[in-house]
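1. below is the sequence, then the predicted model.
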Amino acid sequence: MNKDTIGQLQNQLASNYGSVTQKIKLEAPAAPDTPSFNSFVTPAKRGRPSDTPGSLPASSRPRMLPTPAGNDFMATPAETPESAKYSAREEKFKVISTMNEALAAAVPVDRKSSRCETKLLQGIQLYKGGRPVVHRYMFERVEQKCNMLRDRLRSITDGIILRNGLKQKALEEDGCELQMSPVNMPAQEKAWYCGRICCEGDNGSINASSVLLEGANGKRVRLELSHVVQFAVFPGQIVVLRGNNTSGESIIVREMWSDATLPMVKTPADKMATWNETEAFLGGMPLSIMTASGPFTSSADLTYKPLQDLLEHAAQQKPDVLILTGPFVDCKHRQLNPETAGTVGGFNDPPDSLQVVRHVMRDLIAERLSAGSPTTTCVLIPCIEDLHSRTTFPQPPFDQAEIIQAMDGEIDVAQRVDVQLVGNPCMLRINEILVGICTADPIRSLSSNEASRCPGDRLTRLVSHIVQQRSFYPLFPPAEGCQMSTAHVSHLGLQQTPDILLLPSMLNAFTKRVGDVLCVNPGKLTRGSGPGTFARLTIHPIVRHLRSGPAGGSRKVTAGLALSPSALVDSPDKAAEGDASETAATVPPQQLSQNFESAASADTKPKDGDINAEPLAAEGEAAQAEGDSKAAAAGEDKVESSGAPAPDDKMEVDGAAAAKAEGEGAAAVDGIDAVNASSDKKAPAHVRKTDTDENKAEVAHRVCERTRVDLVRI
């Protein structure tokens, strides 16, 4: 449109509407000269630096905002009514919910060194063998994705068969060995099927009438669930079915199984005594863990005042471990999001994202912890929404050289405090406690993609899917925004069942118990411009000398739990139990170790794997089964059998026997042998040697019974 045409339009408007209407001014747009920083300019348009030897590939580098020189992101405007919501909050650090309230909360203790041993057992790495690992989205081959789906189907199917005793069930009811049929093969009699749950529509939500089953041969059939009393299904779930398929197109389901939970891990008695009772570690006192999830600043500014308040609270409480999960620098923050550039609350000039993340990691977290609580171990885990992180899932850890390591003229704060950077998801061992962490919000993803007909608590059922399917993120295809890379999908599997699952979610904070697994959602530290929540965990040590007392006594605290002497004195049951404080008297560590071993039978035999060996062997999937629940409540450990397992459904099987049972005679899955290859492998020599030096009793962790969880408002 040239200037003559614009003039004609102006005259036409004036003649049509007269002089009442102001004359509209139209101008031709001027040609752009140079890119302005008032609008977002991608790094690709500004020029991408070439890859240098030893650096990460360009496609694996984190996303960053282009930044004009000299832009100071800390130049925060005056406080607005929206940003004042957090400062004007009430009931600061108020406990809004408590689990196991009868247990005492941890007391701050000044100490010279760390009281716990924190090691990474499972998680993706940024570098492997000194070379950077490539993390690229949608660069996998179709064959690679098919192999991943097939291998997972085999592994979980074997776990379901072993966990639910389906081989024995087939022999008793059918009179023959368990044999899986192809999902599309017509059969007049009841048959066994296994496969992956799918949704009929690609974009719709799953419901009871749109459930499909995809077999190992890639064929899909409809599932008729009207005859199933209870079910809970979601896309990606591996199930074993028993029903009729007369047409080859629809299976009338009679029974369904999906539980492939791995046995809970046990710890040798001498190691348990060392971690819980020796002065070099806990010394008989509780283990304290504090965890919070981002965003760590309000949506109205980048002052990070909530994070500063949390770190001040950590300096007062002095937890043994502080676990912080992203987003640390949220890519959706209005002052960092390119979509809000030039709008109210958005940025005019984009801030330096590297400067922001270094300020958060170095100036706030590392320096404040080194000054207030230097003995606290800090674990930092990224999130998909982190601006300065890789966007693929599973997600590698932050690069320490970029965000924490000192530059010229800076003080090396990494030497003052123990800061560990781990990937998402990951599995940590804190003393004997296994802690699994995933920041991809699998609970929220499952809640919107589940079809169920089950009574009971819905959140508990959603958490149980993660444990039963042996995956931090069992949903497939993943939810929108979760850029899953099948090249690294093996890092999503649960190699061991954790004692504690930390699953930060956009849902309200909650604490649930699923079997012997404690699931904690600390919530978000900030919600918009208002305050959020975080969690404090107090894990008491197991007291062996309390087991020698009469079982099923009048003590109201759970048998086998350790309270500090002061906590027992202040207990409301002290009047009814005059000898409570005397019972909790300090016992020498060597005597505690003997009491530990006396709690288990001397008939135990050496194990093939040790969860506490470093590094963790990936082949150690089959661990100790959980003890009898009644015996555990009475404070007595049920011993594993060295011979044939007991007929009880919660029988204890040692790791070698479980691997042998899983490897022998596994059922065929749609013409493919379903034997789990890992069950035939042996643990490395350095792992086997740990437990074969002598026969050692092993103790169940029972974390749910001895952990107090406080959900706190920031």
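-> Noted; the coordinates are in hand. Numbers count the residues shown, from 1 in each chain.
2. Leu120 versus the residue nearest to Asn424 when sequence neighbours are not counted, what's the distance?
-> In this structure, Asn424 finds its nearest non-sequential neighbour in Gln395, 4.0 Å apart by CB to CB, 6 or more residues apart in numbering. Placement of C-beta: from N, CA and C, glycine included. For Gln395, the distance to Leu120 equals 14 Å [CB to CB, to the nearest Å].
3. hang on, the earlier thing: surely the residue nearest to Asn424 touches Gly423?
-> Yes: at 5.8 Å, Gln395 counts as touching Gly423 under the criterion of CB atoms under 8 Å.
4. more neighbours, the two?
-> Gln395 (29 against 24; other CB atoms under 10 Å).
5. that older thread, got the contact list for the residue nearest to Asn424?
-> Ile124, His135, Pro382, Cys383, Ile384, Ser389, Gly423, Asn424, Thr439 (CB atoms under 8 Å, 6 or more residues apart in numbering).
6. which residues of the stretch 301-450 of the chain score low on pLDDT?
-> Low-confidence segments of the stretch 301-450 of the chain (pLDDT under 70): 339-350, 406-414.
7. what about the strands in it?
-> Using DSSP state E, counting those that start in this stretch, the strands of the stretch 301-450 of the chain run over 321-325, 377-381, 418-421, 426-430, 433-437.
8. mind checking how far the nearest residue to Ser210 once chain neighbours are set aside is from Val467?
-> Using CB to CB, 6+ apart and skipping residues adjacent in sequence, the residue nearest Ser210 is Glu200, 4.0 Å away. Distance check for Glu200 against Val467: by CB to CB, it reads 27 Å.
9. kindly report the same for Gly215.
-> The value you get for Gly215 to Val467, if CB to CB is used, is 25 Å.
10. cool, His359 as well?
-> 38 Å.
11. repeat for Gly195
-> 21 Å.
12. higher neighbour count, these two?
-> The neighbour count for Gly195 versus Val467, taken as other CB under 10 Å, is higher for Gly195 (29 against 23).
13. I'd guessed the more buried one sits against Val239; true?
-> Yes: contact criterion CB under 8 Å: Gly195 and Val239 qualify, at 7.0 Å.
14. so what sits against both of these two?
-> Listed as contacting both Gly195 and Val239 by CB under 8 Å, 6+ apart are Leu213.
15. domains in the protein, by residue range?
-> The record's domain split for the chain, according to automatic domain parsing, is 1-29, 93-140+287-541, 142-257, 565-701.
16. what about stretch 269-286, how long is it end to end?
-> Distance between the two ends of stretch 269-286: 18 Å, counting by CA to CA, to the nearest Å.
17. buried sites along it?
-> Neighbour-count burial for stretch 269-286, counted by 16 or more other CB atoms under 10 Å, picks out 269-278, 281-282, 284-286.
18. can you check stretch 448-461 too?
-> Asn449, Glu450, Ala451, Ser452, Leu459, Arg461.
19. reformat the residues you listed as TSV; add distance to Val419.
-> What follows is the buried residues of stretch 448-461, written out as TSV (distance: CB to CB, whole Å):
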residue	distance to Val419
Asn449	36
Glu450	37
Ala451	43
Ser452	41
Leu459	32
Arg461	36
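20. pick out the most distant pair among these.
-> Across the buried residues of stretch 448-461, the two members that end up farthest from each other (CB to CB) are Ala451 and Leu459, 16.5 Å apart.
21. quick check: bridge partners of Cys519?
-> Leu501, Lys512 (DSSP bridges).
22. which residues does it contact?
-> Val463, Ile500, Leu501, Leu503, Thr511, Lys512, Arg513.
23. buried set for the longest strand seen in the chain?
-> Scanning the chain for the strand with the most residues, using DSSP state E, yields strand 187-199. For strand 187-199, burial by neighbour count (16+ other CB under 10 Å) applies to Ala187, Ala191, Trp192, Tyr193, Cys194, Gly195, Arg196, Ile197, Cys198, Cys199.
24. next one: stretch 366-383
-> Across stretch 366-383, burial judged by 16+ other CB under 10 Å covers 366-370, 372-383.
25. quick one: the residue nearest to Gln400 when sequence neighbours are not counted from Thr392, how far?
-> Here the nearest residue to Gln400 in space, its sequence neighbours aside, is Leu421; by CB to CB, 6+ apart that works out to 5.6 Å. Distance, Leu421 to Thr392, using CB to CB: 17 Å.
26. looking at the chain, which helix is longest?
-> If you go by DSSP state H, the chain has its longest helix at helix 142-164.
27. what are the buried residues along stretch 126-136?
-> Of all the residues in stretch 126-136, those buried under the rule 16+ other CB under 10 Å are Leu126, Pro132, Val133, His135.
28. so the last one, which of the three states?
-> Looking back up the chat, that one is His135. coil (DSSP: H, G, I helix; E, B strand; the rest coil).
29. list the contacts for it?
-> His135 neighbours (CB under 8 Å, 6+ apart): Ser60, Arg390, Thr392, Gln395, Pro396, Ser485, His488.
30. what's the closest of the residues you listed to Ser210?
-> When these are compared against Ser210 (criterion: CB to CB), the nearest one is Ser485, at 28.0 Å.
31. count residues in the vicinity of that closest one, would you?
-> If you count neighbours by other CB under 10 Å, Ser485 ends up with 21.
32. now it. Nearest residue, chain neighbours left out?
-> Per CB to CB, 6+ apart, closest to Ser485 is Thr392, 4.4 Å.
33. that neighbour and Gln483 touch, don't they?
-> Yes: between Thr392 and Gln483 there is a contact under CB under 8 Å: 5.5 Å.
34. the more surrounded of the two?
-> Between Thr392 and Gln483, counted using other CB under 10 Å, the more crowded position is Thr392 (23 against 16).
35. pop out the phi and psi values for that one.
-> For Thr392, the backbone dihedrals (degrees, to the nearest 10) come out as phi -90, psi 160.
36. what does the one 5 residues further on give?
-> Backbone dihedrals for Pro397, given as degrees, to the nearest 10, come out at phi -70, psi 170.
37. contact partners for Val489?
-> If you count contacts by CB under 8 Å, 6+ apart, Val489 has them with Met148, Pro394.
38. pretty sure it belongs to a helix, no?
-> Yes: counting by three-state DSSP, Val489 falls inside a helix.
39. nearest to Val712, of the buried residues of stretch 448-461?
-> Leu459 (19.4 Å).
40. quick one: the closest one from Thr511, how far?
-> 10 Å.
41. what of Leu166?
-> Distance of Leu166 to Thr511, computed by CB to CB: 33 Å.
42. what of Pro394?
-> According to CB to CB, Pro394 stands 25 Å off from Thr511.
43. kindly report the same for Asp259.
-> From Asp259 to Thr511 the distance is 22 Å (CB to CB).
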